[in-house]
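Peer 1: Let's see this in three dimensions:
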Amino acid sequence: MTEKDSGIARRMLLRVPAVGAAAAGLAVLSGQRAASAKAAKPPTVYDVTTWTHSTNPAITCYTDIGALINDIIADIKKLQPNQSSKPGAVIYIPPGDYPLKTRVTVDVSYLTIRGDGHGFASSSIRYNAGDTSAWHEIWPGGSRIRVENTDGHSEGFLVSRSGEPRLSSVVFDNFCLDGLSFTPNQNSYANGKVGIRVDTANDAFRIERMGFVYLERGLVIRDADALSVHGNFIAECGSCVELIGSGQASKVTDNHIGAGYIGYSIFAEQHQGLLIAGNNIFPRGKSLIHLRNTNRSSITGNRLHGFYPGMLDSDGANKENLISGNHFRREPEPWGPMQPYNNGKDDLYGVIHLRGDGNMVTGNLFAYDVPPAKITPSGAKPTIILVASGHNNHLSNNGLVSNVAANAVVLDGSTLGTKVIDSATSSQFVAYTSDYTFRATP
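Peer 2: Modelled structure (predicted):
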């Protein structure tokens, strides 16, 4: 090897570690930049048990979860100012007991508030049970928010925003809202508390796997589009689900629901294309499903158990709705503490009270089991389906099992063009109008 070659070789050998060091340095720098970029990325998942309030560290989820969640929402808004990039966030509520003294105001889209357990337990049974000192537990559990509302507001959560566009894709999932007690007694269903109120137009909201208990109004949603209320346990509330204002293409499905005698289990106002399906709706709402000016909607495959007439009620003009494949069980209130109460309607009102045009009531089964002494007015034949107004309604293939003689179908004098097919025998059919078609059940 010449001296020249030897020099080149030495320089090449000397350069190898230098190149390696440079590469390692670049790699470290790149890693630092990546870490820095990662550190600079705004958080999108918040845990209420680890979040520190921005202005008052004394406020925690154990002193006022409402004020703490409001602080988290303010942080989300601060860290996501870009109109073209607002991914939203998740607020996580681990299992635990959390007092809500301050109303939560949700005014951002794409927010999920999620717990780990709906925690429903009957407070009505406990309050009416007397001594519970030997019970294993006495309060609801899971991710439980105690709606105390010491700030003067009625809602636990208010969802509302002015301007455009409407709020989208807000999710409440898998935690418990507990109203704690009623006044002036534990059977009044009244305390002025609302679990969740959505008060402005909204799109693609989801209320799923939640527990609501002992609230005067559980869930109130105005002007909903493509809403999903699914898989919840909403009971022992004055009213459970109220869809008010207007709405379209929404669904209330696969829920366990039971309101008090003062309110509705499910109420729908001016909705189009609403699906109410697969729900187990139990006593004791003044109506289990109530439609007001609601059109082209489907009430199918529900199990309804009620203590009062008007289990499926309606007012206004309801058009082209399908009421099919439901099971209606009507019996009197069996539980002593609740026997003094009712919804003020007598048994001539109908288990179904239908107002509107072009509706179809088909393939439903009615199981009526009320002792004669408890039928009102005294000595009356109870009505199962009352078509109270409207034209061109269609009733077909509905079945009735009853412990007393009953009128399966009654047509009011104002009705026109009703078709009653295989839904009543001749002795079970009463018409106060001459404009109808009737084929008796054989």
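Peer 1: just wondering, since we're on His327, how far is it from Asn398?
Peer 2: Here the criterion is C-beta to C-beta, to the nearest Å. By it, His327 lies 11 Å from Asn398. All C-beta atoms are positioned from the backbone trio N, CA, C, and that covers glycine.
Peer 1: do Ile125 as well
Peer 2: Counting by C-beta to C-beta, the separation of Ile125 from Asn398 is 34 Å.
Peer 1: ok, the two, which is more surrounded?
Peer 2: Summary of the neighbour comparison: Ile125 and Asn398, criterion other C-beta atoms under 10 Å, with Asn398 having more neighbours (26 against 12).
Peer 1: Just the pLDDT at that one, thanks.
Peer 2: Model confidence at Asn398, given as pLDDT, is 98.
Peer 1: what residues are shared contacts of His327 and Asn398?
Peer 2: Between them, His327 and Asn398 have 364-365 as joint contacts when contacts are counted by C-beta atoms under 8 Å, 6 or more residues apart in numbering.
Peer 1: first vs last residue of stretch 81-96, how far apart are they?
Peer 2: Using C-alpha to C-alpha, to the nearest Å, the end-to-end distance of stretch 81-96 comes to 32 Å.
Peer 1: what does stretch 304-320 give?
Peer 2: Start-to-end span of stretch 304-320 (C-alpha to C-alpha) is 21 Å.
Peer 1: Could you measure from the nearest residue to Asp151 once chain neighbours are set aside over to Phe157?
Peer 2: Distances taken as C-beta to C-beta, 6 or more residues apart in numbering place Thr102 nearest to Asp151, at 4.9 Å, with adjacent residues excluded. Between Thr102 and Phe157 the computed distance is 11 Å (C-beta to C-beta).
Peer 1: where does this protein dip in pLDDT?
Peer 2: Counting by pLDDT under 70, the chain contains low-confidence ranges at 1-40.
Peer 1: And the helices in it?
Peer 2: Taking DSSP state H, the helices of the chain run over residues 3-40, 61-79, 123-127.
Peer 1: Tell me which other helices or strands the last one touches.
Peer 2: The contact analysis (3 or more C-beta pairs under 8 Å, 6 or more residues apart in numbering; DSSP states H and E) places helix 123-127 against no helix or strand.
Peer 1: Sort out which residues of that helix are buried, please.
Peer 2: Going by neighbour count (16 or more other C-beta atoms under 10 Å), the buried part of helix 123-127 is 123-124, 127.
Peer 1: Now stretch 72-81: buried residues?
Peer 2: Of all the residues in stretch 72-81, those buried under the rule 16+ other C-beta under 10 Å are 72-73, 75-76, 80.
Peer 1: Out of the residues you listed, which is nearest to Leu365?
Peer 2: Closest approach between the buried residues of stretch 72-81 and Leu365, by C-beta to C-beta: Ile73, at 47.3 Å.
Peer 1: show me what contacts that closest one?
Peer 2: The contact partners of Ile73, by C-beta under 8 Å, 6+ apart, come to 104-108, 111.
Peer 1: Show me which of these is closest to Ser162.
Peer 2: Within the contacts of Ile73, the smallest distance to Ser162 is 8.7 Å, found for Asp107 (C-beta to C-beta).
Peer 1: Measure how buried that closest one is and give me the count.
Peer 2: The burial count assigned to Asp107 is 16, neighbours taken as other C-beta under 10 Å.
Peer 1: swap in Thr150?
Peer 2: Using other C-beta under 10 Å, Thr150 has 11 neighbouring residues.
Peer 1: and the nearest residue to it once chain neighbours are set aside, what is it in contact with?
Peer 2: If you skip the residues right next to it in sequence, Thr150 has Lys101 as its closest partner in space, 4.4 Å away by C-beta to C-beta, 6+ apart. Contacts were defined as C-beta under 8 Å, 6+ apart; by that measure Lys101 touches 63-64, 66-67, 148-151.
Peer 1: Taking the residues you listed, tell me the two that lie furthest apart.
Peer 2: Pairwise distances across the contacts of Lys101 (C-beta to C-beta) peak at 14.9 Å, for the pair Thr63 and Asn149.
Peer 1: Compare neighbour counts for those two and give me the winner.
Peer 2: Per other C-beta under 10 Å, whichever of Thr63 and Asn149 has more neighbours is Asn149, with 21 against 14.
Peer 1: wouldn't the more buried one be in contact with Asp64 here?
Peer 2: No. When contacts are counted by C-beta atoms under 8 Å, Asn149 is not listed as touching Asp64 (11.0 Å).
Peer 1: Show me the common contact partners of these two, please.
Peer 2: Jointly contacting Asn149 and Asp64 under the rule C-beta under 8 Å, 6+ apart are 100-101.
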